[in-house]
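*Asks:* Let's see this in three dimensions:
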Amino acid sequence: MSVSRRDFIHLLTLSGMATGLSGCSLLDLANASQSANNLYDVPALGQVRLLHITDTHGQLNPIYFREPNVNLGIGNARNRLPHRVGKKLLDLVPDLTDQQAHAFTYLNFSEGAEKYGEVGGFAHLKTLVDRLRNNAGGSLLLDGGDTWQGSGTALWTRGKDMVGACNLLGVDVMTGHWEFTYKEDEIRSNIRDFTGDFVAQNIRATEDALFDGVEVYDEDTGHVFPPYVIKIVNGKRLAIIGQAFPYTPIANPSRNIPDWRFGIQEEGLRELVGELRKSEKPDGIVLLSHNGMDVDLKLASRVSGIDVILGGHTHDGVPKPVEVKNAGGTTLVTNAGSNGKFVGVVDLEFGDNGLIAYQYHLLPVFARMIPANVEMQDYIDRVRKPYQQTLNEELALTEGLLYRRGNFNGSFDQVICNALIRQLDAEIALSPGFRWGTSVLPGEVITMDRLLDQTAITYPETYVRTMKGGELKSVLESVADNLFNPDPYFQQGGDMVRTGGLQYSCSPNGVSGKRINDLRTNNGEPVEERKDYKVAGWATVGSRSTGAPVWQTIADDLRDRQVVRLNSIDKPRLKGITDNAGLADY
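*Replies:* Down below sits the predicted model:
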């Protein structure tokens with residue numbers, strides 16, 4: 001690069017733009033050890049401690065990750081967890097420190113990130129997990145999935161780097177989602193190498209596949225994997241049921257796993273819980289879920305007999321659990337964020353008739369406060385070494401904060417869309433509403449490593465095609481119904497498709513097919529229903545595209561520009577949204 005980060009920050013300082021770019025002070029560092037003791041000293045309650053991580057998305061090293069400022073709750077979900085952001089979220093947990101508030105919200109993110117440092121990292125996670133396990137008489141470490149995807153090394157090793165890391169971390173049980181975007185033989189190889197248990201009650205082989213003799217766990221039920229596992233902790237029997245992402249073949253390509261069928265499988269889960277209560281007589285039942293929190297909340301209200309649902313998929317860092325009443329009692333529902341940023345700690349106390357008490361903590365993993373485990377760091381360095389030169393390539397500097405998470409375009413999404421338009425000579429760009437992807441602070445270098453955090457998938461090919469204006473509207477309407485359908489069972493994953501070169505209005509509370517209106521190009525011209533538009537995009541779920549991998553296209557654009565400067569972010573004009581706790585600073 002022709003300009004170093006230090007020089008760039010100095011230029012910003014001279015121009016009065018470098019607010020919050022000072023690092024932590026020596027006093028901050030001196031107090032880190034005591035702060036860690038206060039934050040991570042969690043005395044155990046009862047006989048069983050459950051440690052929960054989810055959606056780590058291939059992030060072996062510490063990263064920055066900004067929480068959303070838009071996470072709209074529609075219908076019954078309005079203003080309820082997890083659909084509260086910023087100050088509205090903090091209202092529910094007013095006793096958080098400034099450091100914890102930084103972890104749970106987007107508020108003053110760049111300044112807080114400079115002050116408190118990166119989060120996550122498996123070497124730091126290992127130290128914390130070991131400490132939390134040592135503080136308890138008996139524990140289990142559960143992984144909610146989306147672990148083997150989300151970084152360059154995860155893609156290039158086909159998830160093997162994460163399997164090795166999870167084995168060192170001591171994961172006891174996991175389920176999946178993006179794990180199923182690899183080929184079936186790669187998935188099975190990873191599961192064989194994994195030293196814990198991989199469970200999923202809602203994945204069964206198709207009838208044709210069973211007839212052809214496809215490999216399954218249970219030929220009678222068609223379960224591809226064990227639906228549950230029994231774990232004994234301090235003499236207490238726990239049934240851990242797996243719930244993989246129900247809509248994997250819709251949200252991701254089904255071509256790698258054509259013999260498997262998914263779905264919520266509510267009735268099958270209800271029957272399984274009943275059978276377990278009778279035959280296994282567990283002290284407690286835990287659902288390790290990748291449904292998304294809204295689906296988990298509905299499921300908890302309809303299926304009795306589950307004590308705790310440890311949820312994933314929607315990346316919600318929820319600082320307090322939700323107690324859901326159902327016909328059989330109460331089910332505790334949680335979600336533990338993403339990218340290795342949090343560890344959920346659920347302590348359970350059992351009496352003669354089941355669960356009688358619990359305590360819950362969602363602990364941010366501040367890398368500065370937790371020493372790295374030497375064995376894990378050695379493993380990480382070793383597994384990344386063959387790719388380090390590629391990962392370290394400096395592509396451009398960013399003037400502003402780059403992030404993805406939120407219902408609509410984030411700034412990194414805009415970088416991707418703008419690059420697609422420029423590099424592929426398109427009028428409009430569409431980019432998937434993926435929730436994964438790390439953040440890059442103002443004045444930092446965008447490396448290939450950080451770019452792959454946004455783009456590393458097994459179907460990365462770009463495309464350019466002609467689309468009618470009416471087809472564009474149809475695409476937006478379909479994704480909006482997926483995101484804003486008031487029935488969680490019809491929410492099939494992801495946030496709103498990201499757009500470049502396109503403006504529109506969105507009514508999240510509207511009815512299906514009528515949420516998207518007033519489509520215009522960026523020059524203000526109305527999008528005509530029958531007019532052709534040149535559209536660029538990537539990550540086709542159906543047939544495979546023939547274009548270059550998206551990271552190659554974006555990297556070329558970043559190299560050309562050297563400095564990323566976003567004048568605006570394309571986001572829809574929202575209608576009918578008032579006093580919604582999931583919307584702030586829009």
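*Asks:* And the helices in the stretch 101-250 of the chain?
*Replies:* 109-116, 122-134, 152-156, 160-169, 184-193, 207-211, 248-251 (DSSP state H, counting those that start in this stretch).
*Asks:* who wins for proximity to R520 among those helices?
*Replies:* R520 lies closest to helix 248-251 among the helices of the stretch 101-250 of the chain, at 28.6 Å (CB to CB). Backbone N, C-alpha and C define where each C-beta goes, glycine included.
*Asks:* Show me what the closest one is in contact with.
*Replies:* H177, F180, F245, S254, I257, W260, R261, F262, Q492, G493, G494, V541 (CB atoms under 8 Å, 6 or more residues apart in numbering).
*Asks:* is it possible to export these to TSV including distance to N234, neighbour count and pLDDT?
*Replies:* As requested, the contacts of helix 248-251 are exported to TSV (distance: CB to CB, whole Å; neighbours: other CB atoms under 10 Å; pLDDT from 0 to 100):
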residue	distance to N234	neighbour count	pLDDT
H177	31	28	98
F180	34	25	98
F245	32	31	98
S254	42	17	96
I257	38	20	96
W260	36	24	98
R261	38	19	97
F262	34	22	98
Q492	39	19	86
G493	37	22	78
G494	40	19	87
V541	45	14	94
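*Asks:* Where strands are concerned, which of those residues count?
*Replies:* W260, R261 (DSSP state E).
*Asks:* could you dump the contacts of helix 248-251 to CSV with distance to R131?
*Replies:* Below are the contacts of helix 248-251 laid out as CSV (distance: CB to CB, whole Å):
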residue, distance to R131
H177, 29
F180, 33
F245, 31
S254, 42
I257, 38
W260, 38
R261, 41
F262, 37
Q492, 38
G493, 34
G494, 35
V541, 42
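*Asks:* For stretch 105-124, list every residue counted as buried.
*Replies:* 105-107, 109-124 (16 or more other CB atoms under 10 Å).
*Asks:* no wait, stretch 388-403
*Replies:* Buried-residue list, stretch 388-403, by 16+ other CB under 10 Å: L391, E393, L395, A396, L397, T398, G400, L401, L402, Y403.
*Asks:* can you tell me the helix or strand for the third one?
*Replies:* Assessed by DSSP states H and E, L395 sits inside strand 394-398.
*Asks:* hmm, back to that, what is the most widely separated pair among the buried residues of stretch 388-403?
*Replies:* L391 and G400 (23.0 Å).
*Asks:* For the stretch 351-500 of the chain, which segments are assigned as helices?
*Replies:* With DSSP H, counting those that start in this stretch as the criterion, the stretch 351-500 of the chain has helices spanning 374-384, 388-391, 411-423, 448-455, 469-484.
*Asks:* Which of those sits closest to G433?
*Replies:* helix 469-484 (6.8 Å).
*Asks:* Over to the residue nearest to G337 when sequence neighbours are not counted: give its phi and psi.
*Replies:* In this structure, G337 finds its nearest non-sequential neighbour in G317, 3.5 Å apart by CB to CB, 6 or more residues apart in numbering. When read as degrees, to the nearest 10, the backbone of G317 gives phi -90, psi 90.
*Asks:* show me the contacts for G317.
*Replies:* By CB under 8 Å, 6+ apart, the contact set of G317 is E67, A103, F104, N335, A336, G337, S338, K341, F342, L362.
*Asks:* which of these has the most neighbours?
*Replies:* Using other CB atoms under 10 Å as the neighbour criterion, N335 leads the contacts of G317 with 33 neighbours.
*Asks:* Touching, it and G312? I think so.
*Replies:* Yes - with contacts counted by CB atoms under 8 Å, N335 reaches G312, the gap being 6.6 Å.
*Asks:* how distant is the strand holding L395 from the center of its chain?
*Replies:* Centre-to-centre, strand 394-398 and its host chain are 25 Å apart (CA atoms, centre = their mean, to the nearest Å).
*Asks:* Go ahead and produce CSV holding the CA coordinates of it.
*Replies:* Output in CSV follows, covering the C-alpha atoms of strand 394-398 (Å, rounded to 0.1, in the frame of the first residue of the first chain):
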residue,chain,number,x,y,z
GLU,A,394,-3.6,-5.4,1.9
LEU,A,395,-6.4,-4.4,-0.6
ALA,A,396,-7.4,-0.9,0.5
LEU,A,397,-7.9,1.5,3.5
THR,A,398,-11.3,2.4,4.7
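*Asks:* Kindly state the domain boundaries assigned to the chain.
*Replies:* 42-63+118-380, 386-574 (automatic domain parsing).
*Asks:* How much space separates the nearest residue to N256 once chain neighbours are set aside from P258?
*Replies:* Once flanking residues are discounted, N256 sits nearest to K183: 4.9 Å by CB to CB, 6+ apart. With distances taken as CB to CB, to the nearest Å, K183 is found 11 Å from P258.
*Asks:* Show me what counts as buried in stretch 235-249.
*Replies:* 236-249.
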